[in-house]
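Asks: Here is my input; please provide its structure:
(one chain, ligands or ions: 1)
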Amino acid sequence: MSSPQAQQQQAGTFKQIDAAEVAKHNQKGNLWIVVDSLIYDLSKFAALHPGGEAVLYDEEIAGQDATETFFGLHRHEVLLRPQYKRLIIGQVAGEEQQIIPPPPGAPSKIPYAEPTWLQEKYHSPYFQDHHRHLQREMRKYVDEHVHEVAQRCEANGKRPDVELVQQMGKNGINAMRMGPGKHLQGRKLFAGIKPEQFDYFCEMIITQELVRMGARGFGDALQGGMVIGLPPIMNFGSDELKKEIIEPVLAGEKFICLAITEAFAGSDILGGLRTYAKKSEDGSHYIVNGTKKWITNGTFADYFTTAVKTDEGFAVLCIPRSCGGVETKQIKTSYSTTAGTAYVTFDDAKVPAKYLVGEEGAGIPVILSNFNHERWVMCCSTIRASRAICAQLMMWTHQRKAFGKPIISQPVIRAKLASLISQCEAAQAWLENVTYQMTKMDYFTQAQHLAGQIALLKSWSTRVSKDVADHSVNILGGRGLTQSGMGSFVEMFHRTYKFDAVLGGSEEILADLGIRQALRNYPVNEKL
Ligand code: HEM
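Replies: This next block holds a predicted model:
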């Protein structure tokens, strides 16, 4: 069956013009060029062309077919922008468009762009029909509803459109991002997935499909705070607290964030934490003083799931902004301000005692309980993002020519791709194995047996991203350092891959945790 574009063409949507006629329009004020059979009238646009006017009057470009040159210099999406589509005046008679973007939701045909379970002819023991259905629907949803908002917010730094978050609440995606559990019971889920079908592979699919939008700051902006800030309430909150907070947050009516790190305490939360909550004599409230730093979604959060010290020891308070004494200031980081990364100050914030999450003095398990899940989510994202960059490299090296040949014809480029792709394949395979173990272990067993594995996987995955980021910039050259144009995705990845290496526990701390966990089970009587 022919594509919609080909059908339009057959229906005569584009005026058919002979190549000889096109060739006559080859000068200033009267300039046509051909890209992929379509004729663009650049007579007026030439003066506005971001790549300059002069390049367009070259004798091999003006009035000629410039397809190959065009794709060596521009992303395909340039041609899909409405302002440039309007420049099309016809089609070269007898020619057909060849370069048709895949329809929304379609799998990529670029080698290694998809994990093996999504590649034709490959099999997987882990993924069933409902996983495949969810993946297709989620990709379509992201392409059609999220991609445009993501690119816009990443660029303008504004918080995500509340309408999008609420739509994701209505269709069940927000609840699904919280993983399998009781909160899904009786809920209508996205793509018709039944609550009892929903497992960690489903959650992995949702996370990995969202990552493909290639907007790192927006990735965290879009309910990153909920993914890490809501679990303590779900797992340890009183019924009253759950009732007040969970549904409004899942519906996108209220926003929440996790406020643990401070300028005084990063990975050493227990040793360095200074935010202090003093209980009132009558026990009715706490007075909280202190600061929190690098708090994702903090600038627009309504609730702050906050680690504090009390006279009884550590505790977690879910502090509503509305209680007063809470100020947030935007921190500018290497990714977009859309993520709402905040410096938070609590200045005599009067927090009713009902906002205590769990027991006073027993805050440590509340804080630690979600770390494995949070780190696993980060593995899902960072591994998928690295693969997406490999796909960009495949395309770039295939269409970019140097010394008269595509650069993929050079062995050194193929060797780099081989190394990066192998690392991505290995990381995804390890991730799928860990995910499978998670589907078989309850939360407590996971904490006992998977914390080390997940820590090592995260630590190693971000080492993989480092290699991907480093080599991809070398391969794209200056474009890998430029925020617009062909290397824009690579530039963003290189600028932001470190977030996953630092957030949720830094690489070195996690690598160490992986080994320390293993040593706990060391068989004392085994000798070399
Ligand atoms: C339909 C026709 C064209 C349109 C709409 C167009 C549009 C653009 C746009 C939007 C950019 C900014 C960078 C980007 O977003 O990728 C750009 C850059 C550029 N364009 Fe074009 N262009 C067209 C044709 C051409 C042709 C035929 C040439 C051939 C010489 C050319 C040469 C360049 C160059 C050299 C740059 C700078 C690339 C860079 O800095 O990496 N353009 N063009």
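
Asks: For the ligand, what's its nearest residue on the protein.
Replies: residue 51 (2.2 Å; Cβ to the nearest ligand atom). No exception for glycine: its C-beta is placed from N, CA and C like everyone else's.

Asks: Just give me the neighbour total for that residue.
Replies: Using other Cβ atoms under 10 Å, residue 51 is surrounded by 10 other residues.

Asks: Test my guess that it contacts residue 70.
Replies: No: contact criterion Cβ atoms under 8 Å: residue 51 and residue 70 do not qualify, at 10.1 Å.

Asks: three-state assignment of the residue of the chain closest to the ligand?
Replies: Under DSSP: H, G, I helix; E, B strand; the rest coil, residue 51 falls in the coil class.

Asks: Enumerate the residues of the chain near the ligand.
Replies: For the chain, the contact set with the ligand under Cβ under 6 Å from any ligand atom comprises 33, 35, 40, 42, 49-51, 55-56, 61, 66, 69-70, 73-75, 78, 84, 479, 484-485.

Asks: which one is the residue nearest the centre of the chain nearest to, not counting chain neighbours?
Replies: For the chain, the residue nearest the mean C-alpha position is residue 211 (3.1 Å; Cα atoms, centre = their mean). Sequence neighbours aside, residue 384 is the residue nearest to residue 211 in space, at 4.4 Å (criterion: Cβ to Cβ, 6 or more residues apart in numbering).

Asks: Once you drop chain neighbours, what's closest to residue 47?
Replies: Among residues not flanking residue 47 along the chain, residue 53 sits closest, at 5.7 Å (Cβ to Cβ, 6+ apart).

Asks: count of neighbours near the one you found?
Replies: What residue 53 shows, counting by other Cβ under 10 Å, is a neighbour count of 14.

Asks: and it, what are its phi and psi?
Replies: Main-chain dihedrals, residue 53, degrees, to the nearest 10: phi -90, psi -40.

Asks: what sits against residue 383?
Replies: 208, 424, 427-428, 431, 461, 464 (Cβ atoms under 8 Å, 6 or more residues apart in numbering).

Asks: can you tell me which helix or strand it belongs to?
Replies: Per DSSP states H and E, residue 383 falls inside helix 371-399.

Asks: now that helix, how far from the chain's geometric center?
Replies: Its chain's average C-alpha position is 9 Å from that of helix 371-399, according to Cα atoms, centre = their mean, to the nearest Å.

Asks: same deal with stretch 455-471?
Replies: With Cα atoms, centre = their mean, you get 15 Å for stretch 455-471.

Asks: Would you mark the buried spots in that stretch?
Replies: 455-462, 464-469, 471 (16 or more other Cβ atoms under 10 Å).

Asks: Ok, stretch 439-451 next?
Replies: Residues of stretch 439-451 classed as buried by neighbour count (16+ other Cβ under 10 Å): 446-447, 450-451.

Asks: Now go through these and say which are in helices.
Replies: Residues of the buried residues of stretch 439-451 located in helices (DSSP state H): 446-447, 451.

Asks: Please convert the residues you listed to TSV, extending it with pLDDT.
Replies: Compiled in TSV, those are given as follows (pLDDT from 0 to 100):
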residue	pLDDT
446	90
447	86
451	95
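
Asks: Reformat those as CSV; add distance to residue 308.
Replies: Shown next, in CSV, are those (distance: Cβ to Cβ, whole Å):
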residue, distance to residue 308
446, 27
447, 23
451, 24
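
Asks: of all those residues, which comes closest to residue 135?
Replies: Distances from residue 135 to these, taken as Cβ to Cβ, are shortest for residue 446 (23.9 Å).

Asks: how close does the closest one get to residue 339?
Replies: Using Cβ to Cβ, to the nearest Å, residue 446 is found at 28 Å from residue 339.

Asks: Narrow the residues of the chain next to the ligand to just the buried residues.
Replies: Buried among the residues of the chain next to the ligand (16+ other Cβ under 10 Å): 33, 35, 40, 42, 56, 61, 66, 69-70, 73-75, 78, 84, 479, 485.

Asks: hang on, isn't residue 376 packed against residue 439?
Replies: No: applying Cβ under 8 Å, one finds residue 376 not in contact with residue 439, separated by 11.8 Å.

Asks: any residues in contact with both of these two?
Replies: residue 200.

Asks: still on that earlier bit, I'd like the contacts of residue 383 as a markdown table, with secondary structure appended.
Replies: Below are those laid out as a markdown table (three-state DSSP):
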| residue | secondary structure |
| --- | --- |
| 208 | helix |
| 424 | helix |
| 427 | helix |
| 428 | helix |
| 431 | helix |
| 461 | helix |
| 464 | helix |
